[in-house]
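A.B. asks: Show me the folded form of this:
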Amino acid sequence: MSQSIHAIMLGNNEDAPWHPLNAIIEEMKTIVPAGCRLTASQDYHLLSALDTNNTCDLFISYTDCWDKPLSAQQRAGLLRYVAGGGKMLVLHNGISLQASSELLTLIGGKFTNHPPYQQLKYVVTEAGASHPIMDGIESFLLEEEPYQFELDDFVEKTIFMAYEFQGTAIPAGWERKYGLGTVVYLQPGHHAPSFQSPAYRKMIASAITYLSEINR
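C.D. replies: Numbering: from 1, shown residues only. So this is what the prediction gives:
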């Protein structure tokens, strides 16, 4: 990483139905590249004041708020942040921001369901072969929740990773532009062991570096 950045990671703990932030934050602190200062928070009000100038170089969503739409001020703050050039990394259940329809569009896809937790094979897509996030990444196995999605056909995105499920390649990693900003979604991340996979650790670190260096 060419310069220091501040990343804010938002999630839930006591009120998390499935994925408490505390369960994975220590792993994340060992994953982020040198030069990245990671702050964990449960305060959704911070979304109203996200600022690319001096408070947040990268916003990481690990929210577990499936039935809790954000307030109008929080939605507007996050949309304004990304549209103005902010960078957003969404991990696994962080897609729960879809409880607010505007943020579903921001992320570019909607979680629909997941079959039982099982071993999944993650593969690099054709588009992923040349994507910086996937540099040095080959196919790997991970015990995970096989999240499935409805992707927004009206949102242009680059799908760089998929997992194999019953003969079908299910999108598991994508990038999309939103205004002047960029959003990346990575599907793995159910619990701490997901963040102990060498391949996935490398991918997260690469995603943080990639996002931090866009338009710098």
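A.B. asks: Any idea which helix or strand in the chain has the lowest mean pLDDT?
C.D. replies: Least confident helix or strand, the chain: helix 101-107 with a mean of 94, by mean pLDDT, DSSP states H and E.
A.B. asks: Which helix or strand lies directly C-terminal to it?
C.D. replies: Downstream of helix 101-107, the first helix or strand assigned by DSSP states H and E is strand 109-113.
A.B. asks: Can you say which helix or strand has the residue most central in space within the chain in it?
C.D. replies: Per CA atoms, centre = their mean, the C-alpha nearest to the average position across the chain is that of residue 90, at 1.6 Å. Assessed by DSSP H and E, residue 90 sits inside strand 87-91.
A.B. asks: which residue packs closest to residue 164, ignoring adjacent ones?
C.D. replies: Among residues not flanking residue 164 along the chain, residue 121 sits closest, at 4.8 Å (CB to CB, 6 or more residues apart in numbering). All C-beta atoms are positioned from the backbone trio N, CA, C, and that covers glycine.
A.B. asks: Just the C-alpha atoms of stretch 6-14, please, in CSV.
C.D. replies: Extracted in CSV, the C-alpha atoms of stretch 6-14 (Å, rounded to 0.1, in the frame of the first residue of the first chain):
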residue,chain,number,x,y,z
HIS,A,6,-8.3,4.7,7.6
ALA,A,7,-10.9,2.0,7.2
ILE,A,8,-14.1,1.9,9.3
MET,A,9,-15.8,-1.5,9.7
LEU,A,10,-19.4,-1.4,10.7
GLY,A,11,-21.3,-4.4,12.2
ASN,A,12,-23.5,-5.7,15.1
ASN,A,13,-22.8,-7.6,18.3
GLU,A,14,-25.5,-8.1,20.9
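A.B. asks: if we look at it, which residues are touching it?
C.D. replies: 19-22, 25, 28, 32, 36-44, 46-47, 50, 55-65, 89, 94, 208 (CB atoms under 8 Å, 6 or more residues apart in numbering).
A.B. asks: Return the set of buried residues in it.
C.D. replies: 7-12 (16 or more other CB atoms under 10 Å).
A.B. asks: How about stretch 116-129?
C.D. replies: Using 16+ other CB under 10 Å as the test for burial, stretch 116-129 gives 120, 122-125, 128.
A.B. asks: Stretch 194-210 now?
C.D. replies: Going by 16+ other CB under 10 Å, stretch 194-210 has these buried residues: 194-195, 197, 200-210.
A.B. asks: Strands of this protein, start to end?
C.D. replies: 5-11, 36-41, 58-62, 87-91, 109-113, 118-124, 140-144, 148-151, 158-165, 168-178, 181-186 (DSSP state E).
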